[in-house]
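# next come a sequence and a model predicted from it.
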Amino acid sequence: MYFPISGVHVDPVYLVAVGFVIGVLGGFFGVGGSFLTAPALFAAGLPMNYVVGTDLAHIVGKSVVAARTHRALGNIDLKLAIIMVIGTIAGSETGVQAIEALKKGAHVEQVVGIVSIIVFTGIAFFCFWEGWMALQLKERQVRNGRPAADRKQDLTAIESFSRSIQRLKISPMVSLPHSGIEAISFWAILLVSFVGGIFSGFLGGGAGYIRMPSMVYLLGIPTHIAVGTDLFEIIISASYGTIRHAMNGNVDIVIALVMQTGAALGARIGANLTQYFSGPRIRLVFAPLPLLGAVVIAQKLLSSHHP
Amino acid sequence: MSIPKKYAFRLLLETFVYGLLITVYIAAVLSPLVSWLKDLFARHRDIYAFLTIPAMIGQAIVLETVAAALVGRVRRGKE
């Protein structure tokens, strides 16, 4: 099929299949999946400037489907999402400005690439270690005769850390009853979303790989609610990014629409699957995802050094 | 972790119905719109930019609603 906006020929079955795989991952983990979509679109022959914008447009559609399913499952904390949108958009702008500043100097690709590899690898190993420890803790609790917690009642190995963040009394304080949090500083939420936004603007995509674990470990949000809320928040921040890229002529809406047909089904399946996994298990299977992103970037960096 | 058989069956049915639906949709709805969208992209970039979001959200909701209705109809027909 010919896509005249970006001027490329791509098999629509390939786009639907890529969308489906990314949709399952997005619905299950609450991530945009840019670390897989971007190389897949680039491999199909789409010019790099269209890859970023088109990927963001497709993330909007997919996140709508996944967020609707998560909302039906009670996994979205609207109050938290609205506060996070403010921080994400501000952070995203800061990240974009940082990239522009780096462009003036040399080696921008290497700097961004190395930062991404360190961050992705760190998140992957931490999530794996923490998910494993939390599962062990859960098993010990069951052995000691404590009743097994409900799937949505979360358990983390570093719960004391998020509790100490919740104890910081920097006003204004907000309560998040849907997430089971009595009071937390507004600034803590804003800071977490701002940092996620910086990564989104700096490295591209929705940055769910950093925001979802941050919501769980730093703010103490249960994993299921972190996944659903992150997806809802991604709809707004990705929409903002899409409009900005589309105005610069970097979005092929037809490619995004075709990909989204597959992503919609995948996102629905992924979101529904979260019902059958406990929080620590979701975090444990999440671990290879950022690692895969790190491998993709490392491979790209190496191939640019050895053409 | 265990995924019930009933859910696995529903998943397969949904995938099949949805696959048929998007094939018809891409051929009958999306393909005829391509040249119009290309024209909009070239002549009215701002309108094109603001149209991307309602297009993505609209398609997501319409396809999901139609697919859910079709799956429901097929399941009722089987029972």
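All right, it came through fine.

# give me the helix or strand of chain B that scores worst on average pLDDT.
Lowest by mean pLDDT, DSSP states H and E among the helices and strands of chain B is helix B:5-25, with a mean of 80.

# is that helix positioned near chain A?
Yes - for helix B:5-25, a contact with chain A is found by C-beta under 8 Å from any C-beta of the partner chain, at B:7, B:11, B:14-15, B:18, B:22, B:25. In this view, the C-beta of every residue, glycine as well, is placed from N, C-alpha and C.

# please pick the buried ones from those.
With burial judged by 16 or more other C-beta atoms under 10 Å in any protein chain shown, the buried subset of the residues of helix B:5-25 next to chain A is B:11, B:14-15, B:18, B:22, B:25.

# can you pull out the strands in chain A?
A:2-3, A:8-9, A:173-176, A:181-185 (DSSP state E).

# will you turn these into JSON lines that also has distance to chain B?
Shown next, in JSON lines, are the strands of chain A (distance: least, C-beta to the nearest C-beta, whole Å):
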{"stretch": "strand A:2-3", "distance to chain B": "8"}
{"stretch": "strand A:8-9", "distance to chain B": "13"}
{"stretch": "strand A:173-176", "distance to chain B": "26"}
{"stretch": "strand A:181-185", "distance to chain B": "27"}
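
# reformat those strands as TSV; add mean neighbour count and mean pLDDT.
Listed next are the strands of chain A as TSV, based on neighbours: other C-beta atoms under 10 Å in any protein chain shown; pLDDT from 0 to 100:
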stretch	mean neighbour count	mean pLDDT
strand A:2-3	16	88
strand A:8-9	13	90
strand A:173-176	16	90
strand A:181-185	17	89
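
# so for B:V71, which of those strands sits nearest?
strand A:2-3 (30.0 Å; C-beta to C-beta).

# what sits closest to the residue in the stretch 151-300 of chain A that chain B sits nearest to if chain neighbours are left out?
Relative to chain B, the nearest point of the stretch 151-300 of chain A is A:A246 (3.6 Å; C-beta to the nearest C-beta). Distance criterion C-beta to C-beta, 6 or more residues apart in numbering or on different chains; nearest residue to A:A246, sequence neighbours excluded, is B:A49 at 3.6 Å.

# same question for B:V66.
Spatially, and ignoring its direct neighbours in sequence, B:V66 is nearest to B:L21 (6.3 Å; C-beta to C-beta, 6+ apart).

# check A:T94 too.
A:I198 (5.3 Å).

# residues contacting residue 46?
Going with chain A. Counting by C-beta atoms under 8 Å, 6 or more residues apart in numbering or on different chains, A:L46 touches A:6, A:8, A:10, A:54, A:252, A:255.

# correction: the question concerned chain B.
Contact analysis of B:D46 by C-beta under 8 Å, 6+ apart lists A:M247.

# angle of the helix or strand hosting it against helix B:5-25?
Taking DSSP states H and E as the definition, B:D46 sits inside helix B:45-78. Interaxial angle, helix B:45-78 versus helix B:5-25 (axes from the mean of the first three to the mean of the last three C-alpha atoms, to 10 degrees): 130 degrees.

# what comes up buried for stretch A:72-84?
Buried-residue list, stretch A:72-84, by 16+ other C-beta under 10 Å: A:73, A:75-77, A:79-81, A:83-84.

# looks like A:S162 contacts A:L168 (just checking).
No - look at A:S162 against A:L168 with C-beta atoms under 8 Å: they stay out of range, at 11.0 Å.

# what number of residues lie near the residue of the stretch 151-300 of chain A closest to chain B?
Using other C-beta atoms under 10 Å in any protein chain shown, A:A246 is surrounded by 26 other residues.

# thought it was touching A:V52?
No - the pair A:A246 / A:V52 is not scored as a contact, 11.4 Å apart, by C-beta under 8 Å.

# returning to that earlier point: so what's the residue nearest to A:A246 up against?
For B:A49, the contact set (C-beta under 8 Å, 6+ apart) comprises A:243, A:246-247, A:251.

# kindly recompute the last result at 10 Å.
By C-beta atoms under 10 Å, 6 or more residues apart in numbering or on different chains, the contact list for B:A49 reads A:53, A:242-249, A:251, A:253, B:40-41.

# now the buried members of those.
With burial judged by 16+ other C-beta under 10 Å, the buried subset of the contacts of B:A49 is A:53, A:242-247, A:249, A:251, A:253, B:40-41.

# returning to that earlier point: just give me the neighbour total for the residue nearest to A:T94.
A count of nearby residues for A:I198, using other C-beta under 10 Å, gives 23.

# how many neighbours does residue 54 have?
As the question left the chain open, I've gone with chain A. Neighbour count for A:T54, taken as other C-beta under 10 Å: 30.

# wrong chain, I was asking about chain B
Neighbours of B:P54 under the rule other C-beta under 10 Å: 10.

# kindly report the same for A:V64.
If you count neighbours by other C-beta under 10 Å, A:V64 ends up with 25.

# contact partners for the closest residue in space to it that isn't next to it in sequence?
Excluding the flanking residues, the one nearest A:V64 by C-beta to C-beta, 6+ apart is B:A60, at 4.4 Å. By C-beta under 10 Å, 6+ apart, the contact set of B:A60 is A:60-68, A:235, A:257, A:260-261, A:263-264, A:267.

# the stretch 101-250 of chain A against chain B: which residues are in contact?
Counting by C-beta under 10 Å from any C-beta of the partner chain, the residues of the stretch 101-250 of chain A close to chain B are A:151, A:235, A:238-240, A:242-249.

# now do the same contact list for the most centrally placed residue in chain B.
Residue closest to the mean C-alpha point of chain B, counted by C-alpha atoms, centre = their mean, is B:L63 at 3.1 Å. The contact partners of B:L63, by C-beta under 10 Å, 6+ apart, come to A:61, A:65, A:260-261, A:264-265, B:18, B:21-22, B:25.
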